[in-house]
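[1] my questions concern the predicted model and sequence given below.
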Amino acid sequence: MPEKTQKAMVQELYQAVVGLKDNPDENGLIGDIKQISKKLDLVNGRTRANETRSKINQAILGVIIGGGGATTGITKLLGLW
């Protein structure tokens, strides 16, 4: 196997990092990072939405539990239970 010239090595490195212009499937490391970043943004958006729903559910549950405890206390206080 012949020794690669410095120019050939630089071309291979450039292709690996930047990708091929004519082939969108070969987008190199830069393109891979962009794709990963887009997917992470999507996942983070879903996580934020779930956190918001979780906080709302906790608040509703707190009102239900708190309301149930208050009702029990009032009925016991009034002697209705």
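    Nice, I can see it.

[2] for burial, what's the neighbour tally of Val18?
    14 (other C-beta atoms under 10 Å). Just so you know, the C-beta spots here come from the backbone N, C-alpha and C atoms, and that holds for glycine as well.

[3] same thing with Ile33?
    The number of residues near Ile33, taken as other C-beta under 10 Å, comes to 11.

[4] centre of the chain versus stretch 20-34, how much separation?
    Centre-to-centre, stretch 20-34 and its host chain are 23 Å apart (C-alpha atoms, centre = their mean, to the nearest Å).

[5] got the buried residues for it?
    27, 31 (16 or more other C-beta atoms under 10 Å).

[6] pull out the buried residues from the helix or strand containing Gln11.
    Using DSSP states H and E, Gln11 sits in helix 6-18. Neighbour counts using 16+ other C-beta under 10 Å place no residue of helix 6-18 among the buried ones.

[7] likewise for stretch 53-67?
    Counting neighbours, the buried set in stretch 53-67 is empty (16+ other C-beta under 10 Å).

[8] pull it out as CSV, backbone CA atoms only.
    The C-alpha coordinates for stretch 53-67 follow below in CSV (Å, rounded to 0.1, in the frame of the first residue of the first chain):
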residue,chain,number,x,y,z
ARG,A,53,-47.9,18.5,33.0
SER,A,54,-46.4,16.9,36.0
LYS,A,55,-46.5,20.2,38.0
ILE,A,56,-50.1,20.8,37.0
ASN,A,57,-51.0,17.2,38.0
GLN,A,58,-49.3,17.7,41.4
ALA,A,59,-51.2,20.9,42.0
ILE,A,60,-54.5,19.3,41.2
LEU,A,61,-53.7,16.3,43.4
GLY,A,62,-52.7,18.6,46.2
VAL,A,63,-56.0,20.5,46.0
ILE,A,64,-58.0,17.2,45.9
ILE,A,65,-56.0,15.8,48.9
GLY,A,66,-56.2,19.0,50.8
GLY,A,67,-59.9,19.4,50.1
